[in-house]
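J.: return atomic coordinates for the entry below.
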Amino acid sequence: QVQLVESGGGLVQPGGSLRLSCAASGLLFDYDNIGWLRQVPGTGREEVSCVSRRDNSTYLADSVKGRFTCSRDKSKKTGYLQMNSLKPEDAGVYYCVSSAGAGFWYVDGFRLGSRGQGTQVTVAS
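T.: This next block holds a predicted model:
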């Protein structure tokens, strides 16, 4: 059973930084995609922000290019989302997601199988 547990969200001022972590278990960390999905406040819409792919390449949404990076630490089985130069429009609930897991749905062309419980990111002065 895949489990993804996020941490690191909170309140940050515009221009600030946050690092989210995702502790993963129950998946083949070397072979599964690990990414971050944001739920846009007030809309219910979800968008993929960043994916660390199994081939070690990274997908970044246009809206976060140059500001966000995502990575994985295989020894710790943990994924990370480093968010710099945060803007108010980056706010939302961020979910760690993986291609592994019993689920089956697509967001922005990425097949997803599991998600964590989410962590809130608020960007305000």
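J.: for the nearest residue to G66 once chain neighbours are set aside, give me its contacts.
T.: Excluding the flanking residues, the one nearest G66 by CB to CB, 6 or more residues apart in numbering is S85, at 8.0 Å. Yep, even glycine has a C-beta here, placed from its N, CA and C like the rest. Contacts for S85 (CB atoms under 8 Å, 6 or more residues apart in numbering) come out as 15, 17, 66-67.
J.: same deal with G16?
T.: 86, 123.
J.: that one: which element?
T.: Here G16 sits in a region with no helix or strand, counting by DSSP states H and E.
J.: now name the helix or strand holding the residue most central in space within the chain.
T.: Nearest to the mean C-alpha position of the chain, counting by CA atoms, centre = their mean, stands W36 at 1.7 Å. W36 is part of strand 34-39, with elements assigned from DSSP H and E.
J.: give me the next element, helix or strand, following that strand.
T.: Later in the chain than strand 34-39, the nearest helix or strand by DSSP H and E is strand 46-52.
J.: strands paired with the helix or strand following that following strand, and their directions?
T.: Where DSSP H and E defines the elements, the next helix or strand beyond strand 46-52 is strand 58-60. Strand 58-60 sits in its sheet next to strand 46-52 (antiparallel), going by DSSP bridges.
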